[in-house]
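Q: Here is a sequence together with a model predicted from it:
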Amino acid sequence: MAQSSQIPSSPIPVKPLLRTLAGLPSERPPLWLMRQAGRYLPEYRELRAKAGSFLDLCYTPELAAEVTLQPIRRFGFDAAILFADILLIPQALGQGLAFKENEGPVLDAIRGAAELTRLNPQGIHGRLGPVYEAVALIKAALPPDCTLIGFAGAPWTVATYMLEGRGSTDHAAAKTWAFGNPEALSRLIDILVEATVAYLGRQIEAGAEVVQLFDTWAGVLPEAEFRRFCLEPVRRIIAAVKEKYPGVPVIAFPRGAGVLLDGYAAATGADALGLDYTVPLGWARDRLWPKTVVQGNLDPRLLVVGGQAMADGVHRLLQSFQGRNHIFNLGHGIVPETPVRHVEDLVRLVKGSAVSA
Ligand code: CP3
């Protein structure tokens, strides 16, 4: 029999995050935190001051790698997430972007459908080259048990910033496109799907072992628009990534999707579902598990408060998903005022020790 025609069985992963994503049992959930690199860490603030700006950090491979590795050295998390931002894609497509102190991102808002022709998904890699270099540097420096996560924003969330020009609370511009000119919004989403597939592919080729799609504003649309502009583009991205890189797990984080999380993983092909902190644990257990690996969902404010309140939250979460395929994480990113000591406590709790007084 021709041995060469046999497909080799895929190896059993040894890294804790990859094992959980593969559905294998573990003694404790793998642990990483969204926004684990950032302003709550004094060593980040120091490097950020030296670099000058947030975007300089993102586009200088050595600095982006160093910032990614800081929380790994300090806390021994089971995964590192590439230090970059979801808004690098609009910038790579040709849109003006700046991060203003105390104001967040500011983009040259797209005012009408005619401006979409200026966006060039084929030209993104020139600008994003340093990000891929950072991925390779991080991969080479990671401890052997630590998994490297690449990421991108989901098209709807990225589109909200491109159309609004900044963060917003009501998403008036993006929703006006969704309801008033859905064909034009679809064209923008198509551009973002193409760019995101290419971007994630290059991250994977440079060394990312898992990718996460952040859909921070998935929770602001009614069902029909959610399906068209959030779910369907994520499904297309995952299908394209899986076609080329079938072994690479994808985590989707449709924040605020609520009951629309039910069936989302099956419909999109995501290997795991990030849960925001409003998702009830019992509901998640009954409706999502055992079909889906879940990630989350401690309220980041509990990490600021710390002490017994945080310990109780951690224990509830650990108990709810005990023996199940759970990745321990927050229900949204760490906030800058989080005391480092509380993160140390959290790590001890999840890894099995007692909380400090
Ligand atoms: O550690 C990590 O999680 C990796 C790096 C990362 C950043 N942003 C770094 C960052 C990741 C994964 C993101 C994702 C991101 N960026 C999202 C989706 C996740 C979420 O939090 O909802 C969104 C919506 C953005 C866009 C963005 N970037 C905003 C709105 C802001 C301003 C708000 C803020 O927190 O300052 C940013 C800036 C940003 N991105 C910082 C960091 C560390 C702070 C920049 C600084 O140092 O001043």
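A: Received, thanks.
Q: Any idea how far the lowest-mean-pLDDT helix or strand in the chain is from the middle of the chain?
A: Sorting the helices and strands of the chain by mean pLDDT, DSSP states H and E puts helix 281-283 at the bottom, at a mean of 93. Its chain's average C-alpha position is 22 Å from that of helix 281-283, according to CA atoms, centre = their mean, to the nearest Å.
Q: List of residues touching it?
A: By CB atoms under 8 Å, 6 or more residues apart in numbering, the list of residues contacting helix 281-283 from outside reads Asn297, Arg316, Leu317, Ser320, Phe321. C-beta here means a position set from N, CA and C on the backbone, and glycine is covered the same way.
Q: If we go by neighbour counts, what in it is buried?
A: Residues of helix 281-283 classed as buried under the neighbour-count rule (16 or more other CB atoms under 10 Å) are Leu281.
Q: What about the contacts of helix 281-283, which are in strands?
A: Cross-referencing those with the strands (criterion: DSSP state E) gives Asn297 as the overlap.
Q: what about stretch 85-98 and the ligand, touching?
A: Yes - between stretch 85-98 and the ligand, judged by CB under 6 Å from any ligand atom, the touching residues are Asp85, Ile86, Leu87.
Q: got the residues you listed as a markdown table, with pLDDT, distance to Pro336 and neighbour count columns?
A: Output for the residues of stretch 85-98 next to the ligand, formatted as a markdown table (pLDDT from 0 to 100; distance: CB to CB, whole Å; neighbours: other CB atoms under 10 Å):
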| residue | pLDDT | distance to Pro336 | neighbour count |
| --- | --- | --- | --- |
| Asp85 | 98 | 15 | 21 |
| Ile86 | 98 | 18 | 19 |
| Leu87 | 98 | 18 | 23 |
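Q: Make CSV from the residues you listed and add secondary structure to it.
A: Compiled in CSV, the residues of stretch 85-98 next to the ligand are given as follows (DSSP: H, G, I helix; E, B strand; the rest coil):
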residue, secondary structure
Asp85, coil
Ile86, coil
Leu87, coil
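Q: From these, pick the one nearest Ile327.
A: Of all the residues of stretch 85-98 next to the ligand, Ile327 sits closest to Ile86, with 20.0 Å by CB to CB.
Q: quick one: contacts for the closest one?
A: Neighbouring residues of Ile86 by CB under 8 Å, 6+ apart: Phe151, Ala152, Gly153, Thr157, Val158, Tyr161, Phe214, Thr216.
Q: Sitting in helices, which of these do you find?
A: Using DSSP state H, the members of the contacts of Ile86 that fall in helices are Thr157, Val158, Tyr161.
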